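**Student:** Predicted model follows, preceded by the sequence.
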Amino acid sequence: MSSFLSTLNEPQRCAVAATGGPVLVLAGAGSGKTRVITRRIAHLIASKCAAPEQVLAVTFTNKAAEEMRARVAELVGATAAQTITISTFHAYCLRVLRRDIEHLGYRKNFTIYTESDARALLRRVTDELGERRDRFSPALFHSAISLRKNAGETPESLKKRPLRTATEEKYETRLGDVYERYQSALRAANSLDFDDLLLHTLHLWRAHPEALARARGQFQYIMVDEYQDTNRLQYELLTLLSAEHRNLCVVGDDDQSIYGWRGAQARNILDFEKDYPEATIITLEQNYRSTTTILDAANAVIQKNTARRPKKLWSALGKGRALDWFVVADEEAEAREATSWLQHVMRRTGAGYGDFAVLYRSNIQSRPFELAFRQAGIPYVVIGGQDFFERAEVKDIISYLKVMANPRDEAALLRIVNMPRRGIGDGLLHQAHDLCRAERCSVGKALWLLLERGAISGRSAHGVRAFLRLLTTYRKRFREPGAPLRATTQELIGAIHYADEIDRMSKSREQAMMRLENVELVLQAIEQYENEFVRPSLSGFLDQTHLDSNSAGDSKQRDTGAAARLMTIHSAKGLEFPFVFIVGLEDGLLPHEQSAKEGNLEEERRLFYVALTRGRRHVSLFECLSRTRNGRERPCKTSRFLAEIPETLVKKHIRAAPEMMAHSAPKSPRA
DNA sequence: AGACCCAGGTTTTTT
DNA sequence: ACCTGGGTCT
């Protein structure tokens, strides 16, 4: 028996020791799930069930993958840990496709489309199909297509599906057409969106047995974290990959499934033993994180859900303090109350700023807290919000690099073609697009053809010529073996006089400075990448930035030492804090009114459950009697979920003026 | 091509 | 209230 079985509780030990066949670990919040996965990997290796390179561990975020590798390294050593495949679904599929995508008719230098690239492409596709722009935005179409893709639907399968109503038929037909055109536009651009990474890997494996055989042969053991968040595609991939040995170990918690709106099916975890009747099933119910009071509250809430595996978390950490429930006038009062309460708790317990997290349903709620914390001198970090790589100047530079790596990348090319201004406008680009379709070529090639034919007039011709020359020159530079990425990029930025362009675009000196600094951060990210990898390449850098946007640029993530965290409940999943403030506990916000309309109440309840179970020592709850939404001040009702916590577990503090207590009471007439 | 103005729509977002 | 996107004017 390997030493990796010690210091585990009984069910944890069972999960680690079950080395033959499928295993389902139902791991309640805070029950030592990561500990089980890492120990299991170490045990598999130590007991010679598998060599390190025969183990695959799949996570949902890069952060989780990194953490897991670090913890496994503590157990098996850094060398062995390096050879274990610990990866997100998307990163693993990317690796497969970089090798084998030519079977599917793509070129190996394909680029990855971000959300905004996909929207730009969809804008053109829907325009060409004559979609009325005001009805459905590209973003809506993209999320609809994304959901279909993640359910494993292709344009063809979508069109074959029987439809019930005329409206449904009309919508699905339109969607099918858009999906079809979008997909062929992606193909023409030699580009894949995030979902394609999974979808095409599945197609590859299905159509090319030798590719599947290679992947199957590599891994003897497969482990999946957060299994409740897997979607249909991921389920299919895992099924194919593990079909021969069936050594599939999945870990998750159906009660923490909060990504249904992105296509995750908690059914995968609920139905596991239907697919694997011989599965070992283990439930982890001992919680090592929270007080009994917090768990009792969380259990009471989640028990109202019907579709779930029954389990009841318990803890040996003691009863702890009752939850404090603050009723305040509005969101500003909420932030003020949270501020003084935080300071009070710090004085009473000696806790530091970093021990606190404010959790909310939507990002907009962070504002009042940022203001109040700043005023009170409380250091804080807002987690999430706008992505570094989505900022205009960063996207510009990245788009230049994408066009260097993949000349067909349409979204990238359209973004840079007139940045800086070269007199290349919509009319010309329309012409180019028509030519693309006729000649089945890329936009860049079409511009070149138009120039050859003398179809471009004076000033524009000059711009197009300069642009094409620039592309040729730098493509060659980047292709030279051993070309320094950072230096070459820096030169490219100089060649297009990007600093001048920033000055011209910026409204103020400060804004220009900030944008220049962001460009500098991109260069630093490239340099860091170059130093980190033995064989750095342009497409390698691009892959990393697209799949792991936190890996570079985001300095916020690092120096977060002694600061309170502000984040959505979604981004708090997997984390824990000694003191948790859950704010905005009103009907309409939590549960969110859109979700309530769509009948997703149980997922909203799970969201509240996730929020509660983040707390180690204490959880505080905040509710406003009125809140400004969409520019209008509206009266609020208590979140229906708050009432599901037994009264004995909470202490209620009314901090609103009495006249506010009648829900619809108007403010004083003088106001 | 680019500046300016009005109308519409406002969740969550691992990759 | 605020941002995005589209339409219009120069």
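**Tutor:** Now that the structure is in, tell me what you want to look at.

**Student:** how about the longest strand seen in chain A: buried residues?
**Tutor:** The single longest strand within chain A, with elements called by DSSP state E, is strand A:615-624. Of the residues in strand A:615-624, those buried by neighbour count under the rule 16 or more other C-beta atoms under 10 Å are A:615-624. Glycine gets a C-beta too; all of them are placed from N, C-alpha and C.

**Student:** do the same with stretch A:293-300
**Tutor:** Taking 16+ other C-beta under 10 Å as the neighbour-count basis, stretch A:293-300 is seen to contain the buried residues A:293-299.

**Student:** tell me which of those is nearest to A:I258?
**Tutor:** In terms of C-beta to C-beta, no member of these lies closer to A:I258 than A:A298, at 14.1 Å.

**Student:** Please give the element, helix or strand, for the closest one.
**Tutor:** Assigned by DSSP states H and E, A:A298 belongs to helix A:292-302.

**Student:** neighbouring contacts of that helix?
**Tutor:** Taking C-beta atoms under 8 Å, 6 or more residues apart in numbering as the criterion, the residues outside helix A:292-302 that touch it are A:29, A:255, A:287, A:290, A:308, A:312-315, A:317-323, A:605-606, A:608-609, A:612-613, A:615, A:618-619, A:641, A:644-646, A:649-650.

**Student:** neighbours of whichever residue of the stretch 201-350 of chain A sits closest to DNA strand C, just the number please.
**Tutor:** Nearest to DNA strand C in the stretch 201-350 of chain A, going by C-beta to the nearest atom of the strand, is A:E331, at a distance of 12.3 Å. A:E331 sits with 23 neighbouring residues when counted by other C-beta atoms under 10 Å.

**Student:** what's near enough to touch it?
**Tutor:** Going by C-beta under 8 Å, 6+ apart, the list of residues near A:E331 reads A:365, A:368, A:584, A:624, A:627-628.

**Student:** Against A:Y353, how distant is it?
**Tutor:** Separation of A:E331 from A:Y353 (C-beta to C-beta, to the nearest Å): 22 Å.

**Student:** A:A185 touches A:D127, doesn't it?
**Tutor:** No - using C-beta atoms under 8 Å, A:A185 is not in contact with A:D127, being 11.8 Å away.

**Student:** Who has more neighbours out of the two?
**Tutor:** A direct count of neighbours by other C-beta under 10 Å for A:A185 and A:D127 places A:A185 higher, at 18 against 12.

**Student:** residues touching that one, list them.
**Tutor:** Neighbour list for A:A185: A:121, A:124-125, A:410 [criterion: C-beta under 8 Å, 6+ apart].

**Student:** go again using 10 Å as the cut-off
**Tutor:** Applying C-beta atoms under 10 Å, 6 or more residues apart in numbering, we find A:A185 in contact with A:121-122, A:124-125, A:128, A:191, A:410-411, A:436.

**Student:** Spatially, which two of those are the most separated?
**Tutor:** A:E128 and A:S191 (17.5 Å).

**Student:** between the two, who's got more neighbours?
**Tutor:** For A:E128 and A:S191, the more surrounded residue by other C-beta under 10 Å is A:S191, and the numbers stand at 24 against 13.

**Student:** Now do the SS call for A:R123.
**Tutor:** helix (DSSP: H, G, I helix; E, B strand; the rest coil).

**Student:** Pull up the per-residue confidence for the nearest residue in space to it that is not next to it in sequence.
**Tutor:** What sits nearest to A:R123 in space, not counting adjacent residues and going by C-beta to C-beta, 6 or more residues apart in numbering, is A:P138, at 4.7 Å. Predicted confidence (pLDDT) for A:P138: 79.

**Student:** Repeat that for A:S551.
**Tutor:** The predicted local confidence for A:S551 is 61.

**Student:** May I see the buried residues of stretch A:339-356?
**Tutor:** The neighbour-count check on stretch A:339-356 (16+ other C-beta under 10 Å) flags A:339, A:341-342, A:345-346, A:351, A:353-356 as buried.

**Student:** With A:G217 as the reference, measure out to A:L233.
**Tutor:** With the distance defined as C-beta to C-beta, A:L233 ends up 22 Å from A:G217.

**Student:** Who has more neighbours out of these two?
**Tutor:** A side-by-side neighbour count of A:L233 and A:G217, using other C-beta under 10 Å, places A:L233 first with 22 against 10.

**Student:** So the more buried one sits against A:G152, correct?
**Tutor:** Yes - proximity of A:L233 to A:G152 meets the contact threshold set by C-beta atoms under 10 Å, at 5.4 Å.

**Student:** what's the burial count for A:V251?
**Tutor:** Other residues near A:V251 number 25, with proximity taken as other C-beta under 10 Å.

**Student:** three-state assignment of the nearest residue to it once chain neighbours are set aside?
**Tutor:** Leaving out its chain neighbours, the residue that sits closest to A:V251 by C-beta to C-beta, 6+ apart is A:V25, at 4.3 Å. On the three-state scheme (three-state DSSP), A:V25 is labelled strand.
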